[in-house]
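[1] no sequence for this one, just the structure:
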């Protein structure tokens, strides 16, 4: 070890590996992972969220986690986005591609992707 | 991409309750469900709540599973990790006291055990993998060493430590900054830093937990100390009974060398430092600094008179700084966050936090770190969860065999160095043994004295012979043969041992006796005058009797009595069909088996 910069480089490289242990962040993406969700393809969606959040460097602000059956089995995979001080948004019939779009537009851009929300699909 | 991490406690407590097997089971289950790329297993140091071990925490939710068994692992993997459903029956709910968040989750930090703790020394224990230097670096590790070597002079480092008000955590409470300042100016061809990890107080295990859970913090702190005091060589003296600690520390030293954080020209500053481990054989006296150094030199671990102090003439006759593990663990944080931050915690003359090992009659056995000045009441009833079975709190022993007890009447004592000294106790290394109404205080004092009699190295007479004679006097009292004069003789002998012993072991050995005599004299008097043990512990003073009217004559006690001391009489109690039993006091060995077996509470002891 010759300099603080070298130390900082290791720290940066490791940061996303331990950041999970800081506990819950303000924005939470919850993927329904009950039997119905898994059967409908929730796991690729979950992984797409985890990867997307990391790729965008948002792991400090966003926690991706899973939950059991939300109760809308016919609309699985269901993803809910919770943001502090805002109303919860429920996305249905998600795919990894749609997940990318949600990260891009909603989580980064603050713009809810209306076409995938439960209200639009069921209406 | 890892989406979830499973932390498994790898401290000694959880390891002995099977956390290695749990880890193996997790590995197998994760593989079976093809989750290797999504879930990461991390074996950490001690979380502190040993009572509830083996402990498993699942992040990012922070779900805290307690008392996990190998059979539970499959359910956790298939339910929680795969489907995202918590296994509620294993979630620690803090007896309903912790509030769940909007997702029904109870985070570890919200439980009463953790809520009021302030983790400085233990900040990485149970959080990082102690066998991975990168994880330590991710938690600001070695930044303090880098800062010290590139931006600060040795004098500035010592000033920072002095300003922080940090005092030795091994028991004595000597100001750490002053200790460093005493050693720094002394010139020699070689100077040493020694880390005292010879933790020997019965019931204390904070140093072990730091070495097991965060070994790099000690390496970093020793290097900082070496820079400040002009030492290029360090020794960690750790007892061989701590195999996990030794293993993790060895791994950590190797990793630090590999990264050039130990060795020559660290951070390109021209500073050289390296560390070696020395294993102790587990003699209590080797925790005394001069005996410890003698032992490192390869000689029999015996103390020597001071002065000369180690700062002048220590290890191999060279100037030496010796600090305890917990003291060192504070150093990197003080450098990084500043003396002012550290001094903002604690009381007037005791700054920072202290780790206590809670043990004895308490619900949450384990390791807690709290700011100095927290009241004993808060420690026992809030963090410790109170006394089991609703029993009454009698006293708490601090400082192990060198300390004294704090009686229930002083439960509002704010725990710091000076307050404890003022009531005749001692902070010691931080063992806190809680006693309830079923503890005989004379017997307790006898227990600790037996320990010091065993552990006395024998070099000086007051300790070698004095403690032995003292123990004989206590034996006499618990056997019901003591006199009131004996109590005076005990006090006299205690004072003599205290003033005339060579080292800390002898000087503090009488403390448990003196403290109990001061606060629980009436218990001693009950043993001497009434020939009774109020707590019902001292066997020689007990008699077991069967209430013949309550006895239904089932004979369970007689069948279980190991010495055949219970026989049936001819007396049949009113409304009972069979004859009652009675105990032959001559034959009875007072084991209490009969009492435990009687379903009708017909047997009592007095």
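    Yep, it's here. Please read these numbers as outputs of a predicted model, since none were measured by experiment.

[2] in the stretch 451-600 of chain B, which residue sits nearest chain A?
    residue B:504 (38.3 Å; C-beta to the nearest C-beta). C-beta: built from backbone N, CA, C; applies to glycine.

[3] hmm, I was thinking of chain B
    residue B:84 (3.0 Å).

[4] what is the burial count for that residue?
    Look at residue B:84: counted by other C-beta atoms under 10 Å in any protein chain shown, it has 23 neighbours.

[5] I'd say it and residue A:69 touch.
    No - counting by C-beta atoms under 8 Å, residue B:84 stays clear of residue A:69, with 9.4 Å between them.

[6] joint contacts of these two?
    The contact sets of residue B:84 and residue A:69 overlap at A:32, A:34 (C-beta atoms under 8 Å, 6 or more residues apart in numbering or on different chains).

[7] if we can go back for a sec, OK, contacts around the residue of the stretch 451-600 of chain B closest to chain A?
    Residue B:504 makes contact with B:171-172, B:288, B:303, B:402 under the criterion C-beta under 8 Å, 6+ apart.

[8] try residue A:77
    Counting by C-beta under 8 Å, 6+ apart, residue A:77 has contacts A:31-32, A:37, A:40-42, A:45, A:92-95.

[9] again, 6 Å this time
    A:37, A:40-42, A:45, A:94 (C-beta atoms under 6 Å, 6 or more residues apart in numbering or on different chains).

[10] any quick ChimeraX command for the buried ones out of the residues you listed?
    In ChimeraX syntax, the buried subset of the contacts of residue A:77 is picked out as below (16 or more other C-beta atoms under 10 Å in any protein chain shown):
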select /A:37,40,42,45,94
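
[11] the bottom helix or strand of chain B by mean pLDDT?
    Lowest by mean pLDDT, DSSP states H and E among the helices and strands of chain B is helix B:83, with a mean of 81.

[12] centre of the chain to it, how far?
    Centroid separation for helix B:83 versus its chain: 39 Å, with C-alpha atoms, centre = their mean, to the nearest Å.

[13] after it, which helix or strand is next?
    Per DSSP states H and E, the first helix or strand lying C-terminal to helix B:83 is helix B:112-115.

[14] name the element the residue in chain A that chain B sits nearest to belongs to?
    Closest residue of chain A to chain B, C-beta to the nearest C-beta: residue A:66 (3.0 Å). Using DSSP H and E, residue A:66 maps to strand A:62-67.

[15] just checking: what are the partner strands of that strand?
    When sheet partners are counted by DSSP bridges, strand A:62-67 sits next to strand A:27-32 (parallel).

[16] what does the partner strand contact?
    Contacts to strand A:27-32, defined as C-beta under 6 Å, 6+ apart, come from residues A:42, A:45-46, A:49, A:61-67, A:70, A:78-83.

[17] of the residues you listed, keep whichever come out buried.
    A:42, A:45-46, A:49, A:62-67, A:70, A:78-83.

[18] residue ranges in the chain under the pLDDT threshold?
    You didn't pick a chain, so chain A it is. Applying pLDDT under 70 to chain A picks out residues A:16, A:19-25, A:121-123.

[19] my bad, chain B
    For chain B (pLDDT under 70), the answer is B:101-104.

[20] taking the centroid of it, which residue is nearest it?
    By C-alpha atoms, centre = their mean, chain B has its centre lying nearest to residue B:204, at 2.0 Å.

[21] which residues in the stretch 401-550 of chain B form strands?
    For the stretch 401-550 of chain B, the strands defined by DSSP state E, counting those that start in this stretch occupy B:405-407, B:431-436, B:544-546.

[22] now do chain A
    A:27-32, A:62-67, A:79-83, A:89-91 (DSSP state E).

[23] so what sits opposite residue B:407 in the bridge?
    residue B:395.

[24] quick check, it in contact with residue B:396.
    No - using C-beta atoms under 6 Å, residue B:407 makes no contact with residue B:396, being 8.6 Å away.

[25] of those two, which one has the most company?
    Neighbour count, other C-beta under 10 Å: between residue B:407 and residue B:396, residue B:396 has more, with 29 against 20.

[26] got the residues of the stretch 201-350 of chain B near chain A?
    Contact residues, the stretch 201-350 of chain B versus chain A (C-beta under 6 Å from any C-beta of the partner chain): B:259-261, B:267-268.

[27] contacts for the one helix or strand residue B:160 maps to?
    Using DSSP H and E, residue B:160 maps to helix B:154-164. By C-beta under 6 Å, 6+ apart, the residues outside helix B:154-164 that reach it are B:148, B:176-177, B:180-181, B:228, B:334, B:339, B:342-343.

[28] what residues sit buried inside it?
    B:154, B:157-164.

[29] figure out how far it is from the centre of its chain.
    On C-alpha atoms, centre = their mean, the centre of helix B:154-164 falls 29 Å from the chain's centre.

[30] can you name the element that comes right after that helix?
    Next element after helix B:154-164 (DSSP H and E): helix B:176-183.

[31] what packs against that following helix?
    When contacts are defined as 3 or more C-beta pairs under 6 Å, 6 or more residues apart in numbering or on different chains; DSSP states H and E, helix B:176-183 packs onto helix B:154-164, helix B:215-229.

[32] out of these, which comes closest to residue B:75?
    helix B:215-229 (33.3 Å; C-beta to C-beta).

[33] residues contacting whatever helix or strand comes next after that closest one, please?
    Downstream of helix B:215-229, the next assigned helix or strand under DSSP H and E is strand B:233-239. With contact meaning C-beta under 6 Å, 6+ apart, strand B:233-239 is reached by B:192-195, B:197-198, B:222, B:246, B:275-278, B:280, B:282, B:292, B:296.
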